[in-house]
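Novice: I'll drop the sequence and a predicted model, then ask my questions.
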Amino acid sequence: MSKNKESLIKQLTQKPWEPAQAKVDNLHEGKTFNLHVGKIGLRYIMVVSTIMFCLFIVTYGDRMVYDDWVRMPEPFLLWINTLLLVISSFVFIRIQLASKKNNFEKARRELFFIGFLAVLFLIGQLLVWQDLVQAGYYVSGSPANGYFYVFTTLHGFHLLGGLVYWMMTINKVWKLENIIIRKAKHTIELCAIYWHFLLAVWIVLFGLMLFS
Amino acid sequence: MAADSYDDVAKNKDSIPELEVAPQDLYHAKSFWTKYIFCQDAKVIGIQYALVAASIGMVGLVSSWLMRMQIAFPGVIPMDPAAYYQLVTMHGMIMVVYLLTALFLGGFGNYLIPLMVGARDMVFPYVNMISFWVFFLAVVILAASYFVPGGPTGAGWTLYPPQAITSGTPGGDGLGIVLMLVSLAVFVIGFTMGGLNYVITILQARTRGMTLMRLPLTVWGIFTATVLALFAFPALFVAGIMMTLDNMLGTSFFMPAIVEFGERLSYDGGSPILFQHLFWFFGHPEVYIVALPAFGIVSDLISVHARKNIFGYRMMVWAIVIIGGLSFVVWAHHMYVAGMNPWFGFFFATTTLIIAIPTAIKVYNWVLTLWRGNIKLTIPMLFSIAFIITFVNGGLTGLFLGNVAVDVPLSDTYFVVAHFHMVMGIAPVLVILGSIYHWFPLITGRFLNEKLGRIHFWVTFIGSYSIYFPMHYLGFMGVTRRYFEVFEGDNFTYSITGINQFITVAALITGAVQFVFFYNIIVSSKFGKKAGKNPWKACSLEWQTADVPPTHGNFGKELPVVYRWAYDYSVPGADQDYITQDTPPSAVANARAEQT
């Protein structure tokens, strides 16, 4: 069976009407990449999100050059929240290692810890909002304020979406006896990749707000 | 060479090894609700998309009638300027986003992709179902804007700030603009879910033997358009969110310091031009999100009904991909009059004209496919030929408008209206209509009524030209678009009033004949002539299903295995004038496909 190791460019330059090519094509198993659909789906979502955040960043760069731009303070709590995301990523690496060794008891326990950290992060972000509003940094005060609230909201929604998938992952790992272990490992892997992605996005956004 | 012949392939390769991947687990609906309402079958979802898109499209059509009545016969239908601008806005947005995009990608994409690539369903059927319902929600939110105080937004479909969210604009200080922006954001979310399915199903769930270069061009068109949407829709989403915040929470992302009715508003320092960049970074690829599926579909229709393989298949694929790529570097040609650096104008004019190259390749290849083909003047073929002519017309006026020096005097005239309606309104709609006549026998098992179909075609075709050809002249005369009233006077002569009346009558007739088409669909789905299996004698997989119409799971017990591309028509040595994609070489041992 053709394992389809040809590059995309090579696939696009084939001449399907030629008999010699037909011999090769008849054995093709119908996949473009040797990847699970879930992994490609996750990449798709990450690409769309990345484009969205990149566009926001472009507008941020455009808007910040005007005179009315007033820099926001960075409450210390934001550093703590960032640390929570970093810890989450580390914990996910541990979970992946545990699931690779079929230690699902440990994976299950630490997955709950991930949920706890995520909820803590969201509460932390809300507390930052509360502090800033009390200090008079309203959303309409300066464009920098507006971007801060937009970035944190959108990132928060992404994390909420991640929590939905996290619940599905917990469900799969919980009912492990009913499903194939490979599926559980796969779900954990996808969840971990998404969490690392959210950390990367946050670091970019936080860095942008910090250094601009 | 003997080793390269199909005989050789037949001897050695008919028996394909077992698939190493487990077949897809299908969800089987058990109740009416899960079978027809919250259904996960892509075919049902495709029909749901089409029905909802067509329903809201009717609102867009009637809006255009009312607008035309106001322009040609002011006072016949009581209307104030605010209502006129609301009609213009809703017509534009509905037709571009909620009708054409949803119909091509949600409708045709869902129905055809799994069937054409040889899959049982989309890879994520549940997400696919959610995608439709999110789209439905977006349409409901949009429609709700008709019923809120102040009515829908009248900002024009481009929704430019600051006027879109200021009180002088209809719906600008009420819920109208908010509902429009929220609806668009919801649409983007729904589309992202659908697009996830289209892209991954095409990439990863094709049947055995279906290489990328054996895919029908319909699939290539939908695939590339979906990828474009993946990159372009976030821009609309971002712009929508930022403008909603400007409107609701008083931020100044796009809103500059502004005085409204003598009162200084709280906005300060925002950039309306930034919105225009974001909007057109979405808006121009959007043209190709609509056009590329049409390009793909029409290629297949021409090939089937001319009984000839598509000329230059690889070039057609590459042209689709290249057009898609280039569509992201031309957006500012919509903004020549916004006040840009002349070098930017030069850059965007150049990229715009470069797009003409792959586009022309496609047109030549369609014509060369027809050349010496065994052309059957079926209704799908008539619509396809009409598309080619219309697209060339619209494309040529695009060359005018792509040049800064020509665009500036023509900007905001009816020449622009004529251009974009020909190229991304009428041309894709002709493909949609042709493809409905083509695939209706697959969807229902029956033909549409031939006589009504021909009436529908000729009235639509001649009617469209009656509407849009004179508009070019109006544009050259300097008649401005978006005006509530066009007065006779020093600048506008009697002939312009007469032309406007002629256009309006043509629009009313052309619109009315679409209801004949709907009547034909309803009646023929029940009483039409039975089509049987593969009535057009087509090669692609969607016609090779075990049942017609195809049932849940699409193909019978076994998925088809593909042995050739989708264009083996009139192959020398073959018994019939077509060889389906799943015909093994041994069954057509004498065919010499390499000689076609």
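Specialist: Sure thing, it's come through.
Novice: Now for whatever residue of the stretch 51-200 of chain B ends up closest to chain A, how many residues are close by?
Specialist: Nearest residue of the stretch 51-200 of chain B to chain A: B:Val123, at 4.7 Å (Cβ to the nearest Cβ). All C-beta spots, glycine's among them, are computed from the backbone N, C-alpha and C. B:Val123 has 23 neighbouring residues, counting by other Cβ atoms under 10 Å in any protein chain shown.
Novice: so what's it up against?
Specialist: When contacts are counted by Cβ atoms under 8 Å, 6 or more residues apart in numbering or on different chains, B:Val123 touches A:Val37, A:Gly41, B:Gln24, B:Asn197, B:Ile200, B:Thr201, B:Gln204, B:Ala205.
Novice: Considering those, which possesses the most neighbours?
Specialist: B:Asn197 (29 neighbours).
Novice: Surely that residue touches B:Ser131?
Specialist: Yes: counting by Cβ atoms under 8 Å, B:Ser131 is a contact partner of B:Asn197 at 7.1 Å.
Novice: quick check: domain ranges of the chain?
Specialist: The chain I'm using is chain A. Domain assignment for chain A by automatic domain parsing gives A:1-34, A:37-210.
Novice: Hmm, no, I was thinking of chain B.
Specialist: Using automatic domain parsing, chain B is parsed into the domains B:34-206, B:379-534.
Novice: So which of these is the most surrounded?
Specialist: The highest mean neighbour count among those, using mean count of other Cβ atoms under 10 Å in any protein chain shown, belongs to domain B:34-206: a mean of 21.
Novice: Roughly how far does B:Leu196 sit from A:Gly41?
Specialist: Distance, B:Leu196 to A:Gly41, by Cβ to Cβ, to the nearest Å: 6 Å.
Novice: Oh, that last question was meant for A:Thr82, not what I typed.
Specialist: 28 Å.
Novice: same thing with A:Trp79?
Specialist: 33 Å.
Novice: pretty sure B:Asn554 is touching B:Pro114, no?
Specialist: Yes: with contact defined as Cβ under 8 Å, B:Asn554 and B:Pro114 form a contacting pair (5.9 Å).
Novice: re earlier: output the domains of chain A in CSV, with distance to chain B appended to each entry.
Specialist: Listed next are the domains of chain A as CSV, based on distance: least, Cβ to the nearest Cβ, whole Å:
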stretch, distance to chain B
domain A:1-34, 4
domain A:37-210, 4
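Novice: can you confirm A:Val204 is in a strand?
Specialist: No: A:Val204: not assigned to a strand; according to DSSP: H, G, I helix; E, B strand; the rest coil it is helix.
Novice: What are the boundaries of the helices in chain A?
Specialist: A:8-12, A:19-25, A:37-63, A:76-100, A:104-134, A:143-174, A:181-210 (DSSP state H).
Novice: model confidence over the first one, on average?
Specialist: Yep, that's helix A:8-12 we're talking about. The average pLDDT within helix A:8-12 is 85.
Novice: who are the neighbours of that helix, in terms of helices and strands?
Specialist: helix B:313-326 (3 or more Cβ pairs under 8 Å, 6 or more residues apart in numbering or on different chains; DSSP states H and E).
Novice: which one is the spatially most central residue of chain B nearest to, not counting chain neighbours?
Specialist: Closest residue to the average C-alpha location of chain B: B:Val290 at 3.2 Å, with Cα atoms, centre = their mean. Distances taken as Cβ to Cβ, 6 or more residues apart in numbering or on different chains place B:Leu100 nearest to B:Val290, at 4.6 Å, with adjacent residues excluded.
Novice: Repeat that for B:Gly190.
Specialist: Using Cβ to Cβ, 6+ apart, the nearest residue to B:Gly190 is B:Val134, at 3.1 Å.
Novice: do the same with B:Ser252
Specialist: B:Gly270 (4.0 Å).
Novice: Now B:Arg446. Its backbone dihedrals?
Specialist: Phi and psi for B:Arg446, reported as degrees, to the nearest 10, are phi -130, psi 150.
Novice: Would you mind confirming that it is in contact with B:Lys529?
Specialist: Yes: B:Arg446 is within contact range of B:Lys529, at 6.3 Å (criterion: Cβ under 8 Å).
Novice: Enumerate every residue touching the closest residue to A:Phe112 other than its chain neighbours.
Specialist: Leaving out its chain neighbours, the residue that sits closest to A:Phe112 by Cβ to Cβ, 6+ apart is A:Ile170, at 7.3 Å. Contacts for A:Ile170 (Cβ under 8 Å, 6+ apart) come out as A:Arg108, A:Leu111, A:Phe112, A:Gly115.
Novice: ditto for A:Thr82
Specialist: Counted by Cβ under 8 Å, 6+ apart, A:Thr82 has contacts A:Trp202, A:Ile203, A:Phe206.
Novice: Any of those residues buried? List them.
Specialist: Among the contacts of A:Thr82, those scoring as buried are A:Trp202, A:Phe206 (criterion: 16 or more other Cβ atoms under 10 Å in any protein chain shown).
Novice: Pop out the phi and psi values for B:Val259.
Specialist: The phi/psi pair for B:Val259 (degrees, to the nearest 10) is phi -110, psi 130.
Novice: what residues are up against it?
Specialist: B:Leu265.
Novice: check contacts around B:Tyr563.
Specialist: B:Tyr563 sits in contact with A:Ala22, A:Asn26, B:Val9, B:Gly209, B:Gln581, B:Asp582, B:Thr583, B:Pro584, B:Pro585, where contact means Cβ under 8 Å, 6+ apart.
Novice: To be precise, which single item in the residues you listed has the lowest pLDDT?
Specialist: B:Val9 (43).
Novice: before we move on, what SS does B:Lys43 have?
Specialist: helix.
Novice: quick one: secondary structure of the nearest residue to B:Val76 once chain neighbours are set aside?
Specialist: The shortest distance from B:Val76 to any non-neighbouring residue, by Cβ to Cβ, 6+ apart, is to B:Met69 (5.8 Å). What three-state DSSP gives for B:Met69 is helix.
Novice: Quick check: B:Met69 touching B:Ala83?
Specialist: No: the pair B:Met69 / B:Ala83 is not scored as a contact, 11.6 Å apart, by Cβ under 8 Å.
Novice: Any stretches of chain A with poor pLDDT?
Specialist: A:1-5, A:176-179 (pLDDT under 70).
Novice: rerun at 90
Specialist: A:1-24, A:26-36, A:63-74, A:99-108, A:140-142, A:168-186, A:210-212 (pLDDT under 90).
Novice: same question, the stretch 351-500 of chain B
Specialist: Looking at the stretch 351-500 of chain B by pLDDT under 90, you get B:477-478, B:484-497.
Novice: quick one, helices of it?
Specialist: B:356-370, B:379-402, B:404-410, B:414-421, B:427-444, B:450-476, B:494-527 (DSSP state H, counting those that start in this stretch).
Novice: for those helices, which one sits closest to chain A?
Specialist: helix B:356-370 (14.0 Å).
Novice: rewinding a little: including distance to B:Lys537, could the helices of the stretch 351-500 of chain B go into JSON lines?
Specialist: Formatted as JSON lines, the helices of the stretch 351-500 of chain B follow (distance: least, Cβ to Cβ, whole Å):
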{"stretch": "helix B:356-370", "distance to B:Lys537": "16"}
{"stretch": "helix B:379-402", "distance to B:Lys537": "13"}
{"stretch": "helix B:404-410", "distance to B:Lys537": "46"}
{"stretch": "helix B:414-421", "distance to B:Lys537": "35"}
{"stretch": "helix B:427-444", "distance to B:Lys537": "12"}
{"stretch": "helix B:450-476", "distance to B:Lys537": "17"}
{"stretch": "helix B:494-527", "distance to B:Lys537": "20"}
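Novice: Relative to B:Tyr483, which of those is closest?
Specialist: Using Cβ to Cβ as the criterion, the shortest distance between B:Tyr483 and the helices of the stretch 351-500 of chain B is 9.8 Å, found for helix B:414-421.
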